[in-house]
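> everything below, folded, please.
(one chain, ligands or ions: 1)
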Amino acid sequence: MAYDLIVIGAGPGGYVCAVRAAQLGLKTAIVEKRATLGGTCLNVGCIPSKALLHASELFEEAGHSFAKMGIGVSAPKLDLAAMQKFKDEGVDGNVKGVDFLMKKNKIDVVYGAARIAAAGKVEVKGNDGKTQTLEAKAIVIATGSDVAKLKGIDIDEKRVVSSTGALALDKVPGKLVVVGAGVIGLELGSVWRRLGADVTFVEFADRIMPGMDSEVCRQSQRILEKQGLKFKLSAKVTAVDGSGKTLKVKVEPAKGDGAGETLDADVVLVSVGRVPYTDGLGLKEAGVALDERGRVNVDHYFATNVPGIWAIGDVIKGPMLAHKAEDEGVAVAEILAGQAGHVNYDVIPGVIYTTPEVASVGKTEEQLKEAGIAYKVGKFPFTANARAKGNRTTEGFVKVLADAATDRVLGVHIIGANAGEMIAEATVIMEFGGSAEDLARTCHAHPTQSEAVKEAALAVDKRPIHM
Ligand code: NAI
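As a prediction, this is how the structure comes out:
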């Protein structure tokens, strides 16, 4: 069977690419090694983690906030197996949704491990051991990423876990040590803290949440500490001794000087980043060039150095985010169909689903300073927002950064309840090249938390109403 396009990998990048290609009339196949579609995101990433974040947050609220609202319930009892089932059913619904989309768009799904035999030829080894060769005019590599390992620390997914194991624990750990206070660590650390674990982070950098605006990081750290999370910054884990009943986690200063310490843990979560996944793809033999960090090298149009082979998502440069991969999937499909596919890398939102949520789009203050761009800041706290006051969700603020000369919005940073939803309007205004005044003059429904975005935009011009 000859196709117009074979996509390798059915995560958010790959399956979205396949759908868009099919919409544009390309005869498309998608190859997936996992037994279910949806990739890391749907199976062992974004979707299950958000299900556990949602359930654990309600568990915590039932124990701590319900009484204040006049809802009398006895202390909530955790049924972890049922909570895991709730998570698994959410995953199942999502992966079945992707199955449906493949059928609806007449995309052939081929299960097995793909290897690029040459440009235009993909060998797929099925789980039954049989190999078939598919042919196509174009191949898109969308194989995603894998957990970054730490030297000398073996992940068994039981006691020393990656995000995959941390999503599937069958018991709440007494003590959880999280290596790396990035997105995965903070989200999953929050889940297990809410369910009763004592959680300590060991972070190499001198701050949490790499890449986020530093004011947001500082406030977020204070809030998370109030919730009971503990942070050891500028520190690294050099060994985990699993010979006894309790894990012994050796922690040393990041710089390697000064005294170290040993922490006890029932579970250690390693969340120090992810690396592009290219194992077994045959890229070397096919002559596909990688960059210095092992990512598939692509040009502005997602083309590799080998004609007919393209790549998108976590396996290429840029933030490892499902929505970035999706947009690249759409863009490359459009390019293959002769259209002008494009991704605006200046406007890709990022969300950390802690409580409160942290969301960001565009440049941080540090980045603007470094680039020598003059900017104005408008800030508005949720303590002055009516809805937040009523709901007692007053932690956090909205910060709008606008060009000092043109007023164009350059970045928006939010810490607060539902920040992940609120960042969408900031993203739209930036995509349209809008100004803080545009945002400030847009009518926002009252009472909503999003009025804080409007007020922060007004604050850029020093004229917020409620502050
Ligand atoms: P990350 O890059 O967000 O954070 C890793 C952290 O580990 C950093 O703070 C880094 O300084 C620290 N670190 C690195 N080496 C260390 C060491 N030896 N000892 C101690 N700390 C060390 O990576 P993370 O959390 O593993 O997430 C991986 C990817 O998945 C990210 O690109 C993230 O964007 C994505 N993701 C996105 C989510 C979202 O959008 N909500 C949710 C989960 C993951």
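
> going by C-alpha atoms from here, please, whenever you check contacts or count neighbours.
Fine.

> for the residue of the stretch 351-467 of the chain found nearest the ligand, which non-adjacent residue is closest in space?
Per CA to the nearest ligand atom, Ile352 is where the stretch 351-467 of the chain lies closest to the ligand, at 4.4 Å. Nearest non-adjacent residue to Ile352, counting by CA to CA, 6 or more residues apart in numbering: Val358, 5.1 Å away.

> who does the helix or strand the one you found falls within touch, helix- and strand-wise?
Assigned by DSSP states H and E, Val358 belongs to strand 357-362. Packing partners of strand 357-362 (3 or more CA pairs under 8 Å, 6 or more residues apart in numbering; DSSP states H and E): strand 350-352, strand 409-416, helix 419-431.

> with mean neighbour count and mean pLDDT as new columns, can the ones you listed be given to me in a markdown table?
What follows is the helices and strands packed on strand 357-362, written out as a markdown table (neighbours: other CA atoms under 10 Å; pLDDT from 0 to 100):
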| stretch | mean neighbour count | mean pLDDT |
| --- | --- | --- |
| strand 350-352 | 20 | 98 |
| strand 409-416 | 28 | 98 |
| helix 419-431 | 19 | 98 |
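
> export these to TSV and tack on distance to His466?
As requested, the helices and strands packed on strand 357-362 are arranged in TSV below (distance: least, CA to CA, whole Å):
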stretch	distance to His466
strand 350-352	27
strand 409-416	17
helix 419-431	19
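
> next structured bit after the helix or strand containing Lys376?
Assigned by DSSP H and E, Lys376 belongs to strand 375-381. The element immediately downstream of strand 375-381 (helix or strand, assigned by DSSP H and E) is helix 386-391.

> give me the residues contacting the helix or strand following that next one.
Moving toward the C-terminus from helix 386-391, the next helix or strand (DSSP H and E) is strand 397-403. Contacts of strand 397-403 with the rest of the structure, by CA atoms under 8 Å, 6 or more residues apart in numbering, involve 365, 373-382, 408-416, 435-436, 452-453, 456-457, 460.

> just the buried subset of those residues, please.
For those, a burial check counting by 16 or more other CA atoms under 10 Å picks out 365, 375-382, 408-416, 435-436, 452-453, 456-457, 460.

> which ones are touching Gly196?
Val172, Pro173, Gly174.

> go ahead and confirm the first one touches Arg194.
Read that as Val172. No: with contact defined as CA atoms under 8 Å, Val172 and Arg194 do not form a contacting pair (9.9 Å).

> of those two, who's got more company?
Comparing Val172 with Arg194 by neighbour count (other CA atoms under 10 Å), the higher total belongs to Arg194, at 23 against 19.

> would you mind listing what in the protein touches the ligand?
46, 179-185, 202-205, 208-210, 236-237, 271-274, 319-321, 350-353 (CA under 6 Å from any ligand atom).

> now with 5 Å, please.
Contacts of the chain with the ligand, taken as CA under 5 Å from any ligand atom, map to 180-184, 203-205, 236, 271-274, 320, 351-352.

> so how many other residues sit close to the residue in the stretch 1-150 of the chain positioned nearest to the ligand?
Minimum separation of the stretch 1-150 of the chain from the ligand (CA to the nearest ligand atom) falls at Cys46, amounting to 5.8 Å. Cys46 has 16 neighbours, counted by other CA under 10 Å.

> with the one 3 residues further on instead?
Counted with other CA under 10 Å, residues neighbouring Ser49 total 26.

> next one: Phe86
Using other CA under 10 Å, Phe86 has 16 other residues around it.

> isn't it up against Ala51?
Yes: assessed by CA under 8 Å, Phe86 is found in contact with Ala51 at 7.5 Å.

> need phi/psi at the residue of the stretch 1-150 of the chain closest to the ligand.
phi -50, psi -50 (degrees, to the nearest 10).

> which residue sits closest to it, ignoring its sequence neighbours?
Leaving out its chain neighbours, the residue that sits closest to Cys46 by CA to CA, 6+ apart is Thr40, at 7.8 Å.

> cool, and Arg408?
Nearest non-adjacent residue to Arg408, counting by CA to CA, 6+ apart: Ser435, 4.0 Å away.

> phi, psi of that neighbour?
phi -100, psi 170.

> was I right to think it contacts Gly411?
No: the criterion here is CA under 8 Å, and Ser435 misses it with Gly411 at 10.8 Å.

> and stretch 180-198, C-alpha only, in PDB?
Extracted C-alpha coordinates of stretch 180-198, given in PDB (Å, rounded to 0.1, in the frame of the first residue of the first chain):
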ATOM      1  CA  GLY A 180      13.600  18.300  40.100                       C
ATOM      2  CA  ALA A 181      11.000  21.000  40.900                       C
ATOM      3  CA  GLY A 182       9.800  21.400  37.300                       C
ATOM      4  CA  VAL A 183       6.400  20.900  35.900                       C
ATOM      5  CA  ILE A 184       6.100  17.100  36.500                       C
ATOM      6  CA  GLY A 185       7.600  17.200  40.000                       C
ATOM      7  CA  LEU A 186       5.300  20.100  41.100                       C
ATOM      8  CA  GLU A 187       2.100  18.600  39.700                       C
ATOM      9  CA  LEU A 188       2.700  15.000  40.900                       C
ATOM     10  CA  GLY A 189       4.300  16.200  44.200                       C
ATOM     11  CA  SER A 190       1.100  18.200  44.800                       C
ATOM     12  CA  VAL A 191      -1.100  15.100  44.100                       C
ATOM     13  CA  TRP A 192       0.700  12.900  46.600                       C
ATOM     14  CA  ARG A 193       1.000  15.700  49.200                       C
ATOM     15  CA  ARG A 194      -2.800  16.200  49.100                       C
ATOM     16  CA  LEU A 195      -3.300  12.500  49.600                       C
ATOM     17  CA  GLY A 196      -1.100  12.400  52.600                       C
ATOM     18  CA  ALA A 197       2.500  12.100  51.600                       C
ATOM     19  CA  ASP A 198       5.300  14.200  53.200                       C
END
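
> next one: it to chain centre, how far?
Averaging C-alpha positions (CA atoms, centre = their mean, to the nearest Å) puts stretch 180-198 15 Å from its chain's average.
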